[in-house]
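[1] can't give you the sequence, but here's the structure:
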């Protein structure tokens, strides 16, 4: 990646995270509930039997209720665990959000070592994190490339869905050949299908 592209991504990442961090707790909660309602109504979610998600951090859309819902519906829930030595994410089955999650490398909750690893191609539906998105489904992550690599391992028909606050939608973003898109972006204002 060129220095210019790297700098442009970093600047956009910092700007959008600052805007997201500036949301008041009440606004963040109201928007999270709106997004959650729309997510749970997606036909792709309703029909999925194996759902991949992630434990949210900082000012992201809060995923805890989404994960509880998936488990309550009897869906198999897969969450990522970082393999820092291999610079990759592996998905593991989680059945209990209390006992199966532990703090990971950067303090992000992830599946404990006892959780069974499941191949990413088994997921029917994948909730994908990100900092910014375009209406076309382009995605800017946190800069490590972990999710871009994981997304190359999912089945072609797996629905890749992002949950984001409307302020995370941008007109344009700097991209490189490794950046993986999503199919659907659910915001507090509307659902965008790429």
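    Thanks, I have it. From a predicted model like this one, the values you see are computed outputs, not experimental measurements.
[2] and the gap between the closest residue to residue 17 other than its chain neighbours and residue 116?
    Leaving aside its chain neighbours, residue 17 sits nearest to residue 131 (6.0 Å; criterion: CB to CB, 6 or more residues apart in numbering). To be clear about C-beta, it is placed using only N, CA and C from the backbone, and glycine gets the same treatment. Distance of residue 131 to residue 116, computed by CB to CB, to the nearest Å: 30 Å.
[3] In contact with the residue nearest to residue 17, which residues?
    Listed by CB atoms under 8 Å, 6 or more residues apart in numbering, the contact set of residue 131 reads 12, 13, 16, 17, 20, 140, 141, 142, 168.
[4] Distance of it relative to residue 53?
    For residue 131, the distance to residue 53 (CB to CB) stands at 17 Å.
[5] How is residue 144 assigned, secondary-structure-wise?
    Assigned state for residue 144: coil (three-state reduction, DSSP: H, G, I helix; E, B strand; the rest coil).
[6] which residues does it contact?
    residue 87.
[7] Backbone torsions only: list them for it.
    The phi and psi torsions at residue 144 (degrees, to the nearest 10) take the values phi -90, psi -20.
[8] Give me the distance between it and residue 179.
    Between residue 144 and residue 179 the computed distance is 13 Å (CB to CB).
[9] can you check residue 193 too?
    Computed with CB to CB, the distance linking residue 193 and residue 179 is 19 Å.
[10] try residue 150
    Going from residue 150 to residue 179 by CB to CB gives 13 Å.
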